[in-house]
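In: Need coordinates for the below:
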Amino acid sequence: MSIIEKAASRIDKQRSATSAAAGPATSTATIPDSDVVRAIPSASPVTPVAPVAPVMAAAASVHAAHATAAAEAERPAQKSSTRRVELDLARMRDLGMVTAAAGRTSLLEDFRVIKRPLLQRAFAERAPNDKPGNLIMITSSLPGEGKTYCAVNLAMSIAMELDHTVLLIDADVARPSVLRTLGLPAHRGLMDLLVDDKLDMADVMLRTNVDTLSILPAGTSTPRATELLASSTMTSLVNEIANRYPDRIVIFDSPPLLLTSESRVLASHMGQIVMVVEAQTTTQHAVKEALHQLEGYSNVNLIYNKTREIPGIEETYDYHYG
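Out: Below is the predicted model:
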């Protein structure tokens, strides 16, 4: 073999070796699924494929981050869940209050009689200018006549109905006592809703272990309570409360009529008013003066709250509907 032939043969062998080592020019490099699910064609046998995977993965991560941020921005804000509280029903029964577990007591029967006409009027057809009948205010002429006790018992009795739910609102903002009567700690409530327009009803309403009973506490005390109760915000709130659920009865535990102006302002929103009178204690003059404060309201009712004559015997009630 000539020298030229030997040289050509050597060159051919080197080319063959180089091609075998480098692989075909049309090969592809596949990036693992954990980075980017994609195959990238190699530009030439010597194009570095490995550095492309981190670049594409980083780009994909940035894209995913932007997509997540956009989705979070478009997603509606999650509302606070309503807080749940446990009523000590055994304690309430021992205090002589209405509970389903107490059996058929004279007190339970009394409040069955009391609630029936209120329920009938609550959902009766009303004139265009009438206030919602399912808004019921419980008040008294003076403190200590048992209005909160009656409000809680009435709420518990209505909660035993098969077709109705109850919202009990402590509107006696100067001396709130609904939560204390039920053995519960203080919570934000009605006044906080009227002051802070960012609060939602669900932020302050308390659901109870009585499935058909919820509570709205009085909330943070404020010297502007009368003005807040007379505000357009209160009017809107009351309308929402009255109309949100068609089966709902709303009971307001109101301040006494002869001590504050809040009760008269609150009465302007109510479809029904119940005044508690304590027997042998409240004077006739106080009752007449309190009723005078309610002149112009057509649906005023009285609960005559008798004193205990024998220790250990539950209080009894007489009910006048007018």
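
In: domain parsing for the protein?
Out: Domain segmentation of the chain under automatic domain parsing yields 18-74, 84-321.

In: hey, which of these is tucked in deepest?
Out: Highest mean neighbour count among these (mean count of other Cβ atoms under 10 Å): domain 84-321, with a mean of 18. C-beta here means a position set from N, CA and C on the backbone, and glycine is covered the same way.

In: Let me see the mean pLDDT of that one.
Out: What domain 84-321 shows for mean pLDDT is 90.

In: Can you say which helix or strand has T233 in it?
Out: Using DSSP states H and E, the element containing T233 is helix 232-244.

In: Can you name the element that comes right after that helix?
Out: Later in the chain than helix 232-244, the nearest helix or strand by DSSP H and E is strand 248-253.

In: Pull the residues that contact that following strand.
Out: Contacting residues not belonging to strand 248-253 are listed as 118-119, 122, 134-138, 147-148, 151-152, 154-155, 158, 164-172, 177-178, 241-242, 266, 270 [Cβ atoms under 8 Å, 6 or more residues apart in numbering].

In: what's the following helix or strand past it packed up against?
Out: Next along the chain after strand 248-253, taking DSSP H and E as the criterion, comes helix 262-267. With contacts defined as 3 or more Cβ pairs under 8 Å, 6 or more residues apart in numbering; DSSP states H and E, the packing partners of helix 262-267 are strand 135-140, helix 225-229.

In: what about the nearest residue to A225 once chain neighbours are set aside, is that helix, strand or coil?
Out: Ranked by Cβ to Cβ, 6 or more residues apart in numbering and with sequence neighbours excluded, the top spatial neighbour of A225 is V173, at 4.6 Å. When classified by DSSP: H, G, I helix; E, B strand; the rest coil, V173 comes out as coil.

In: show me the contacts for T82.
Out: Applying Cβ under 8 Å, 6+ apart to T82 gives the contacts 202, 205-207, 214.

In: Okay, and which of the residues you listed map to strands?
Out: Using DSSP state E, the subset of those located in strands is 206-207, 214.

In: Mind putting these into JSON lines with distance to R188?
Out: Listed next are the ones in strands among the contacts of T82 as JSON lines, based on distance: Cβ to Cβ, whole Å:
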{"residue": "L206", "distance to R188": "10"}
{"residue": "R207", "distance to R188": "15"}
{"residue": "S214", "distance to R188": "14"}
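
In: and of the residues you listed, the nearest to V277?
Out: S214 (28.3 Å; Cβ to Cβ).

In: Does the closest one touch V204 like I think?
Out: No. Using Cβ atoms under 8 Å, S214 is not in contact with V204; the gap is 10.8 Å.

In: Bridged to the nearest residue to I215 once chain neighbours are set aside, which residues?
Out: Closest residue to I215 apart from its sequence neighbours, by Cβ to Cβ, 6+ apart: L206 at 4.4 Å. Beta-bridge partners for L206, by DSSP bridges, are R83, I215.

In: so who does L206 touch?
Out: Going by Cβ under 8 Å, 6+ apart, L206 touches 82-85, 184, 187, 214-217.
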